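**Q** This is a predicted model, with the sequence first.
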Amino acid sequence: MPDLSPVHRDFFAGGAGDERTLRANEAAFDRIRVVPRVLRATGDRDLRITLFGTEVAAPVLVAPTAFHRLAHPDGEVATARGTAAAGSLMVVSMAATAPVEDIAATDCPLWFQLYPQPDAAFTASVVGRAEAAGVRALVVTVDSPVFAHRPRDVRNGFLDLPAGMVCENLRDGTGRVRSIAMDDRLGWDVVDRLRAITGLPIVLKGILHPADAELAVEHGVSGLIVSNHGGRQLDGAIATIDALPAVVKAVGGRLPVLLDGGVRRGVDVLVALALGATAVLVGRPVVWALAAGGAAGVRDALDGLMVGLDAALALAGARTPAELTADLVAAA
Ligand SMILES: Cc1cc2nc3c(=O)[nH]c(=O)nc-3n(C[C@H](O)[C@H](O)[C@H](O)COP(=O)(O)O)c2cc1C
Ligand SMILES: CC(C)CC(=O)C(=O)O
């Protein structure tokens, strides 16, 4: 992979603690098998879905990941170009290394990921800027009241971005770049405060417990992402595909439930959808594709997942994501 230093590769690849949750996300998919249906005339397959009014080519979206310019000189702008070429949607990380306006100029449909900051006025200015750039939803990450211990980064002494690279969307009124603060005083009232400052759909990212899914519905959010931050926050947290069924049950169809973590092939998408997810997001595979091939790499990686999903649908006897039901999966 061109120019990807071992330190930065470790930042992208690594997780918290002993990386048990990081490994568990993929391992849990490997413990689930498909029980396919046959002779169902699946010739008219259609992978498209619509989320908050935006149609995507398939239920495979780009998860928010930080610092894309560490992977490729064109950073998030290249990621957005590749995502748009694949007909998908990108969640821009609050820790993006390109201005949200430049990313939006690619015409890729965008959502914006937010860590609500202790400085409410600054949070509002970041949200307002993203909204003005044209993002279509706000993804609020709720699994990070503190920043977890990540042994690889500590061992490598990875603390700062290289000179000339900053979190471009954290500039304040004076042009100074703020650093992201994790806030362990955040409570459910943050949803109400965000609701008051934006009309965008609010999606909570990092839900694992069904009781929190119920609270999220009560607080009027528009969607949920079942996520453990790709194993980068609470090491020991449940694998996302194992957490999904209880969250889906608690939500009871009132909101779309998305999932990320360990999705690596088309059949993983099929399994998540069969267990009730509306769509999945992919994190590291997009970063690797960006590093290896820029925008074209990202397009190819997403295309590959979509082609794999299409084949898996046909082989499991389904024509659309909506036809995937829990009877199609079983424990390995
Ligand atoms: C390098 C890296 C950076 C990430 N940065 C963010 C971030 O800025 N905000 C956020 O909410 N999640 C972040 N995440 C978590 C992802 O959004 C997502 O939950 C996770 O990567 C999904 O797992 P996967 O990598 O196995 O697909 C990051 C993940 C990685 C790997
Ligand atoms: C810069 C960090 C806050 C980004 C993040 O969420 C992560 O690395 O997992």
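**A** Yep, that arrived. Everything numeric here is computed off the predicted structure, so don't read it as measured data. Numbering: from 1, shown residues only. Ligands and ions are numbered 1, 2, ... in the order given.

**Q** For residue 61, see how far away whichever residue of the stretch 151-300 of the chain sits closest to ligand 1 is.
**A** Taking Cβ to the nearest ligand atom, ligand 1 has its nearest neighbour within the stretch 151-300 of the chain at residue 283, 2.2 Å off. C-beta here means a position set from N, CA and C on the backbone, and glycine is covered the same way. As for residue 283, its distance to residue 61 is 10 Å (criterion: Cβ to Cβ, to the nearest Å).

**Q** again, but for residue 264
**A** For residue 264, the distance to residue 61 - Cβ to Cβ - is 15 Å.

**Q** coming back round to it: and for the residue of the stretch 151-300 of the chain closest to ligand 1, the neighbour number?
**A** Neighbours of residue 283 under the rule other Cβ atoms under 10 Å: 23.

**Q** quick one: contacts for it?
**A** Going by Cβ atoms under 8 Å, 6 or more residues apart in numbering, residue 283 touches 63-65, 230, 260-261.

**Q** before we move on, could you check phi and psi at the residue of the stretch 101-250 of the chain found nearest ligand 2?
**A** Closest contact between the stretch 101-250 of the chain and ligand 2, by Cβ to the nearest ligand atom, is at residue 232 (4.2 Å). With angles defined as degrees, to the nearest 10, residue 232 sits at phi -100, psi 0.

**Q** So the spatially closest residue to residue 91 that is not a sequence neighbour versus residue 203, what's the distance?
**A** What sits nearest to residue 91 in space, not counting adjacent residues and going by Cβ to Cβ, 6 or more residues apart in numbering, is residue 64, at 4.2 Å. As judged by Cβ to Cβ, residue 64 and residue 203 stand 11 Å apart.

**Q** what touches both of these two?
**A** Shared contacts of residue 64 and residue 203 (Cβ under 8 Å, 6+ apart): residue 139.

**Q** so how far is stretch 32-40 off the chain centroid?
**A** Distance of stretch 32-40 from the chain centroid (Cα atoms, centre = their mean, to the nearest Å) equals 28 Å.

**Q** Need the mean per-residue confidence for that stretch.
**A** Rounded to a whole number, the mean pLDDT of stretch 32-40 is 98.

**Q** what about that stretch, start to end distance?
**A** 23 Å (Cα to Cα, to the nearest Å).

**Q** coming back round to it: please list which of the contacts of residue 283 are also close to ligand 1.
**A** 63-65, 230, 260-261 (Cβ under 6 Å from any ligand atom).

**Q** For ChimeraX, write the selection for the buried entries among the residues you listed.
**A** In ChimeraX syntax, the buried subset of the ones next to ligand 1 among the contacts of residue 283 is picked out as below (16 or more other Cβ atoms under 10 Å):
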select :63,64,65,230,260,261
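
**Q** Mind checking which of the ones next to ligand 1 among the contacts of residue 283 are in strands?
**A** Of those, the ones assigned to strands by DSSP state E are residue 260.

**Q** Backbone dihedrals for the residue lying farthest from the centre of the chain, both of them.
**A** Distance from the centre of the chain peaks at residue 39, with 34.8 Å (Cα atoms, centre = their mean). Note on residue 39: backbone dihedrals following degrees, to the nearest 10 are phi 50, psi 50.

**Q** ok now do it, which residues does it touch?
**A** residue 317.

**Q** Counting neighbours, what do you get for the residue of the stretch 101-250 of the chain closest to ligand 2?
**A** By the criterion of other Cβ under 10 Å, residue 232 has 24 neighbours.

**Q** So that it lines up with my notes, have the first residue be 651 from now on.
**A** From this message on, residue numbering opens at 651, which makes the last subject residue 882.

**Q** For it, give me its contacts.
**A** Counted by Cβ under 8 Å, 6+ apart, residue 882 has contacts 664-666, 672, 798, 800.

**Q** quick one: pLDDT of residue 653?
**A** Value listed for residue 653 in the pLDDT field: 71.

**Q** per-residue pLDDT, the residue nearest to the spatial centre of the chain?
**A** With distances taken as Cα atoms, centre = their mean, the residue of the chain nearest its centroid is residue 713 (2.4 Å). Looking at residue 713, its pLDDT reads 99.

**Q** Ramachandran coordinates for it?
**A** phi -70, psi 150.
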